[in-house]
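K.L.:
generate coordinates for the sequence data below:
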Amino acid sequence: MTTLLVTGGLVWDGATAAPRDLLLQGGRIAALLLPGEGPAGVPRFDARDRLVLPGLVNAHTHGHATLMKGVADRWMLESSLTNGAWMGGQRSIDIIRISTLLGAVEMLEAGCTACYDLFFEFPRPSAEGLATVAGAYAEAGMRALVAPMVADRALFEVLPGFLETLPDDLRGQAAAFRLAPAAQTLAALRDAFGAVTPPPGIAFALAPTIPHHCTDEFVTGCRDLAASRGLRLHMHVAESRLQALIARRLWGTGPVHHIARLGLLGPHFTAAHAVWLGSDELDLLARHGATVAHMPASNMRLGAGVASIAAMRARGVTVGLGTDGCNSADSLDMAEAMRLASHLSRLRDVPRDEWLAAADVLWMGTEGSAAVLGIEGGRIAPGLPADLALLDLGHRAFVPLHDAANQAVTCNVAGAVREVFVAGRQVVADGRCLAPAAATLRDRARDALAELMERLAPSRALAARLEPHVVTYAEREGRAALPFARKIPVEDRPA
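P.N.:
Sure thing, here's the model as predicted:
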């Protein structure tokens, strides 16, 4: 049994940051000790001048998108979805591995020790793809909940009346793009889950993408498959105003009511984004014990709006924090996600008591996100996994040091992370991931991207032609009234 005594650090235990030594045994925290109380004769790690945090947990990302960092500029959500076919498709197994590893290394070096990865394969999930993603996280030394992201309806067939707005030469090409039928994708999922045993630290889940991108048959099929295998479910819900409006057009109610009728909700279910939800839908999530993954960076990046996090927390909904994927938020830095969540909570016209305090945000990025993944941890306490992020107190983010928790949220950046431990094993030293593959990853990612982009050129060109039409449609159809607002109204626009 591996034993290590981490000495001299300033340890955040969820309430305070105080000098403590940590005894790690068998991958877990055996004890929190006053300085100097640890046993003699065991290996020691000198954590002087370090703030010791629980490993951060990313409640929502997309490993298949890591190679697409910096591609988007003024994209709304529907722009991103239009480009999704080339940004996420046509990946070889080697490129899937490189993309996943690249994201894992970035997250680890930013102090994140676990993530919920909604990865996409086209035309359908495969056992080889599932095994490759799981293996890449294990190779990097990171925990992960790996969820194939699936649907049976393509974007252009779920936007009511959209195809009729296109020029003739585009209409046929857009109409021809289809996803595999529900039965085929469900069969592929059953085969993949049945064929792949995840390595230690990795588990599987299932992610039907967006309610109206999935037929009822497909949603209930995912529900039953997840129940039969004990898998968690994760779904993008009301990320944009247009999605909330389409739900009402299709079902006469908000999307949460619809998926509740289909039996998806429960403690195993996570609603990603959850921006354009009414109070009755928040009540429904709370009543079923569902969780929410909050992505402040991509919500702002794509102009989606400001989620009602205080209202969720007031109802007892567990909210975790995520970065989203590099195709919609670019950065996988959980420190940035925490800072943005803190600041964004102040933009809503609510009493100051509803602003997120630093300790609240730190909880969301650790314990809250761990609950979204359904894993142990997220805090430093005896018996819990020894997943730790050690931050340099000599870094400019912490000089001078006034309030460790506050500065971990409002000042911290990925560069302050110096060491990371997962299950008591050091996986980051001097700010760099120790996995052997990390040393050559930059060159391999560059070469893989060059080959991939050449193959993607035709689908990328088609998406570039379609995107302005999608934006025009979304801006027009998204103006309809809703009984709540999630964006700041503009009153001084010229007529």
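
K.L.:
list the contacts for the nearest residue to residue 103 once chain neighbours are set aside?
P.N.:
Computed as CB to CB, 6 or more residues apart in numbering, the closest residue to residue 103 that is not its neighbour in sequence is residue 66, at 4.0 Å. (Glycine included, C-beta is placed from N, CA and C.) Residue 66 makes contact with 99-100, 102-103, 106, 325-326, 332, according to CB atoms under 8 Å, 6 or more residues apart in numbering.

K.L.:
adding secondary structure, distance to residue 443 and neighbour count, write these out as CSV.
P.N.:
Below are those laid out as CSV (DSSP: H, G, I helix; E, B strand; the rest coil; distance: CB to CB, whole Å; neighbours: other CB atoms under 10 Å):
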residue, secondary structure, distance to residue 443, neighbour count
99, helix, 15, 28
100, helix, 17, 27
102, helix, 12, 25
103, helix, 17, 32
106, helix, 16, 22
325, coil, 23, 28
326, coil, 19, 27
332, coil, 20, 32
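
K.L.:
now the residue nearest to residue 103: how far from residue 101?
P.N.:
Distance of residue 66 to residue 101, given as CB to CB, to the nearest Å: 9 Å.

K.L.:
picking up where we left off before, in a helix, the residue nearest to residue 103, correct?
P.N.:
Yes - with DSSP: H, G, I helix; E, B strand; the rest coil as the criterion, residue 66 is part of a helix.

K.L.:
ok now stretch 291-300, how far from the chain's centre?
P.N.:
Relative to its parent chain, stretch 291-300 has a centroid offset of 8 Å by CA atoms, centre = their mean, to the nearest Å.

K.L.:
could you do stretch 42-50 as well?
P.N.:
Worked out by CA atoms, centre = their mean, stretch 42-50 lies 31 Å from the chain centre.

K.L.:
then stretch 24-43?
P.N.:
33 Å.

K.L.:
any chance you could map the helices in the stretch 201-350 of the chain?
P.N.:
Using DSSP state H, counting those that start in this stretch, the helices of the stretch 201-350 of the chain run over 216-229, 241-251, 255-261, 279-288, 296-301, 309-314, 334-344.

K.L.:
now mean neighbour count too, for these, in JSON lines please.
P.N.:
Output for those, formatted as JSON lines (neighbours: other CB atoms under 10 Å):
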{"stretch": "helix 216-229", "mean neighbour count": "18"}
{"stretch": "helix 241-251", "mean neighbour count": "20"}
{"stretch": "helix 255-261", "mean neighbour count": "21"}
{"stretch": "helix 279-288", "mean neighbour count": "17"}
{"stretch": "helix 296-301", "mean neighbour count": "23"}
{"stretch": "helix 309-314", "mean neighbour count": "19"}
{"stretch": "helix 334-344", "mean neighbour count": "23"}
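
K.L.:
tell me which of the ones you listed lies nearest to residue 111.
P.N.:
For the helices of the stretch 201-350 of the chain, proximity to residue 111 was assessed by CB to CB; helix 334-344 is nearest, at 6.7 Å.

K.L.:
so which of the helices of the stretch 201-350 of the chain comes closest to residue 351?
P.N.:
Among these, the nearest to residue 351 by CB to CB is helix 309-314 (9.1 Å).

K.L.:
just checking, what packs against the closest one?
P.N.:
For helix 309-314, the elements it packs on are helix 279-288, strand 318-321, judged by 3 or more CB pairs under 8 Å, 6 or more residues apart in numbering; DSSP states H and E.

K.L.:
surely residue 362 forms part of a strand?
P.N.:
No - applying three-state DSSP, one finds residue 362 to be helix, outside a strand.

K.L.:
I'd say it and residue 406 touch.
P.N.:
No - using CB atoms under 8 Å, residue 362 makes no contact with residue 406, being 9.0 Å away.

K.L.:
would you map the strands across the stretch 301-450 of the chain?
P.N.:
Ranges of strands within the stretch 301-450 of the chain are 318-321, 388-392, 417-422, 425-429, 432-433, based on DSSP state E, counting those that start in this stretch.

K.L.:
mind putting those strands in CSV, mean pLDDT and mean neighbour count included?
P.N.:
Formatted as CSV, those follow (pLDDT from 0 to 100; neighbours: other CB atoms under 10 Å):
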stretch, mean pLDDT, mean neighbour count
strand 318-321, 98, 26
strand 388-392, 98, 26
strand 417-422, 98, 25
strand 425-429, 98, 18
strand 432-433, 98, 18
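
K.L.:
nearest to residue 355, of the ones you listed?
P.N.:
Closest approach to residue 355 among the strands of the stretch 301-450 of the chain is made by strand 318-321 (14.4 Å; CB to CB).
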